[in-house]
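Engineer: below are the sequence and a predicted model; questions follow.
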Amino acid sequence: MELYTRSYTGLAIQLAHYFGIPLPILDHSTLNEAQDVQAGATLGTNELPRVNYFAIGNGGHKHESGVNNFPLLSNKIHRSRDTGLFNQIPFVLRPVDNDLTAIERKDYAMRKLIPHAGNNYFGYFLKRLDKSGLSIKVQDRVIDNNQNVAITDFIPSSNDLKPVPIDLANAGVNTVQGKYISATVNLVINVTAFDAEEIINACEILFGNSYYAMISELSLIAGVDRQVSVTDGLGGVFNFDEAICTQVAEHIPVLQPVFSQRDGFTMAAEVGGIEPLLNIDLASP
């Protein structure tokens, strides 16, 4: 796995789902506050956020010079207390008189009016995840001395229901073997040609150059949909399914130069957890 960072908000959401208890929404913890979109909205009774969205940014990479000044890119790493992105960018930025259609808007959330260079635009800062086909995989993982990883499907045993404790030796060295068990979901995000063009267009408007259309941070976002009344920027209003109480569940480092992938691309992430198995070579007495 890459060096993903689960935020404290993601941990709190996990606990709320574990025990079916209310989720505390702390100050300075939502993207709604960061973007000033429905920042005062609250969760309803028994309402718990789920990871329904993702956000992107272009501030998650750094540049170093290699041999012969060859440009080397690497990722910046988020901390577990980071509740925002380094530099979040919109998926879409449209002039108010050329907004997305009602059908196109269904894929997005975090819609806000953005004045820029004397013009008004609507930006969309969240995109809904396509979770169809997702499934949880439970697997064995064995890491050898050369750091090679062998992954096989986990096969449960009736002995798992009748575990026998392992007694560690009091003298010598108890060597832990590199065996782990994991439960993960393989998430694949398809960025279509339409998506790529919209991201490039947004960056050209905001930064004046398509080369700013680099996705170097991907954040999985939990929240709930809430139908709200919004302006069309032209004197009218309509109902929109907005995302409220949105919080970062996990930060994922990526490097995707959107400016050179106008035909679209995919971003893959293995999301979940891995735990060591207590497989031990006991020391001789």
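Structural biologist: That came through fine.
Engineer: only C-alpha atoms for contact and neighbour calcs from this point on.
Structural biologist: Noted.
Engineer: from the centroid of this structure, which residue is nearest?
Structural biologist: For the chain, the residue nearest the mean C-alpha position is residue 220 (2.2 Å; C-alpha atoms, centre = their mean).
Engineer: so what's that one closest to, chain neighbours aside?
Structural biologist: In space, not counting the residues next to it along the chain, residue 220 is nearest to residue 54; the distance is 4.6 Å by C-alpha to C-alpha, 6 or more residues apart in numbering.
Engineer: next secondary structure after whichever helix or strand residue 188 is part of?
Structural biologist: Element membership for residue 188 (DSSP states H and E) is strand 179-191. Next along the chain after strand 179-191, taking DSSP H and E as the criterion, comes helix 193-207.
Engineer: show residues contacting that following helix.
Structural biologist: 89-94, 116, 209-213, 258-259, 261-265 (C-alpha atoms under 8 Å, 6 or more residues apart in numbering).
Engineer: and the helix or strand containing residue 229, what other elements does it pack with?
Structural biologist: Using DSSP H and E, residue 229 sits within strand 214-231. Counting contacts by 3 or more C-alpha pairs under 8 Å, 6 or more residues apart in numbering; DSSP states H and E, strand 214-231 packs against strand 50-57, strand 237-257.
Engineer: now those strands in TSV, with distance to residue 199 and mean pLDDT?
Structural biologist: Supplementary listing: those in TSV, determined by distance: least, C-alpha to C-alpha, whole Å; pLDDT from 0 to 100:
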stretch	distance to residue 199	mean pLDDT
strand 50-57	10	98
strand 237-257	11	97
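Engineer: leaving aside the residues next to it on the chain, what's closest to residue 154?
Structural biologist: residue 139 is the one closest to residue 154 (C-alpha to C-alpha, 6+ apart), at 4.4 Å.
Engineer: and residue 211, by the same measure?
Structural biologist: residue 259 is the one closest to residue 211 (C-alpha to C-alpha, 6+ apart), at 5.8 Å.
Engineer: who are the contact partners of the one you found?
Structural biologist: 196, 200, 210-214.
Engineer: could you check the angle whichever strand or helix holds residue 271 makes with strand 237-257?
Structural biologist: Here residue 271, judged by DSSP H and E, is contained in strand 265-276. On the basis of axes from the mean of the first three to the mean of the last three C-alpha atoms, to 10 degrees, strand 265-276 is oriented at 80 degrees to strand 237-257.
Engineer: show me the shaky parts of the stretch 151-285 of the chain.
Structural biologist: Residue ranges of the stretch 151-285 of the chain with pLDDT under 70: 168-177, 278-285.
Engineer: only C-alpha atoms, please: export stretch 229-242 in CSV.
Structural biologist: Presented in CSV, the C-alpha positions along stretch 229-242 are these (Å, rounded to 0.1, in the frame of the first residue of the first chain):
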residue,chain,number,x,y,z
SER,A,229,-32.5,25.6,-2.3
VAL,A,230,-29.7,27.2,-4.3
THR,A,231,-29.4,30.1,-6.7
ASP,A,232,-28.8,29.7,-10.4
GLY,A,233,-26.9,33.0,-10.5
LEU,A,234,-29.4,34.5,-12.9
GLY,A,235,-32.2,35.4,-10.5
GLY,A,236,-33.8,31.9,-10.1
VAL,A,237,-33.5,29.1,-7.6
PHE,A,238,-33.7,25.3,-7.7
ASN,A,239,-33.3,22.3,-5.4
PHE,A,240,-29.9,20.7,-5.2
ASP,A,241,-28.6,17.6,-3.3
GLU,A,242,-25.8,19.2,-1.4
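Engineer: and that stretch, which residues are buried?
Structural biologist: 240-242 (16 or more other C-alpha atoms under 10 Å).
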